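Chemist: Coordinates for the following, if possible.
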Amino acid sequence: MEATKAAKEMVKVNKHSALAVSRFTWTEEASLELVGFVKMVKEKHTEKS
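Modeler: Okay, here's the model as predicted:
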């Protein structure tokens with residue numbers, strides 16, 4: 001019973017660490033690049049309207 005509990009806890013910890021590693025972290029540089037891209041698309045769209 002104790003071994004099962006320990007094994008479940010280990011699986012739980014592994015799942016959480018896998019989620020933390022796979023998560024993408026936005027940098028300020030990437031955010032600014034995305035904002036610039038959105039502005040460019042918006043400007044092109046309003047020119048055509």
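Chemist: what about Glu47, how many neighbours?
Modeler: Number of residues near Glu47 (other Cβ atoms under 10 Å) recorded here: 7. For glycine as for every other residue, the C-beta is placed from the backbone atoms N, C-alpha and C.
Chemist: Repeat that for Lys39.
Modeler: 10.
Chemist: Report the separation between it and Thr4.
Modeler: Counting by Cβ to Cβ, to the nearest Å, the separation of Lys39 from Thr4 is 56 Å.
Chemist: Quick one: distance of the helix or strand harbouring Leu32 to the chain centre.
Modeler: Assessed by DSSP states H and E, Leu32 sits inside helix 28-48. How far helix 28-48 lies from its chain's middle: 20 Å, per Cα atoms, centre = their mean, to the nearest Å.
Chemist: now swap in stretch 39-49 and tell me
Modeler: Centroid displacement of stretch 39-49 relative to its chain, using Cα atoms, centre = their mean, is 28 Å.
Chemist: Please work out the average pLDDT along it.
Modeler: When pLDDT is averaged over stretch 39-49, the result is 87.
Chemist: Would you mark the buried spots in that stretch?
Modeler: Within stretch 39-49, no residue is scored as buried using 16 or more other Cβ atoms under 10 Å.
Chemist: Need the residues that contact it.
Modeler: Stretch 39-49 is contacted from outside by no residue at all, using Cβ atoms under 8 Å, 6 or more residues apart in numbering.
Chemist: What pLDDT does the model give Glu9?
Modeler: 78.
Chemist: That one in helix, strand or coil?
Modeler: Per DSSP: H, G, I helix; E, B strand; the rest coil, the secondary structure class of Glu9 is helix.
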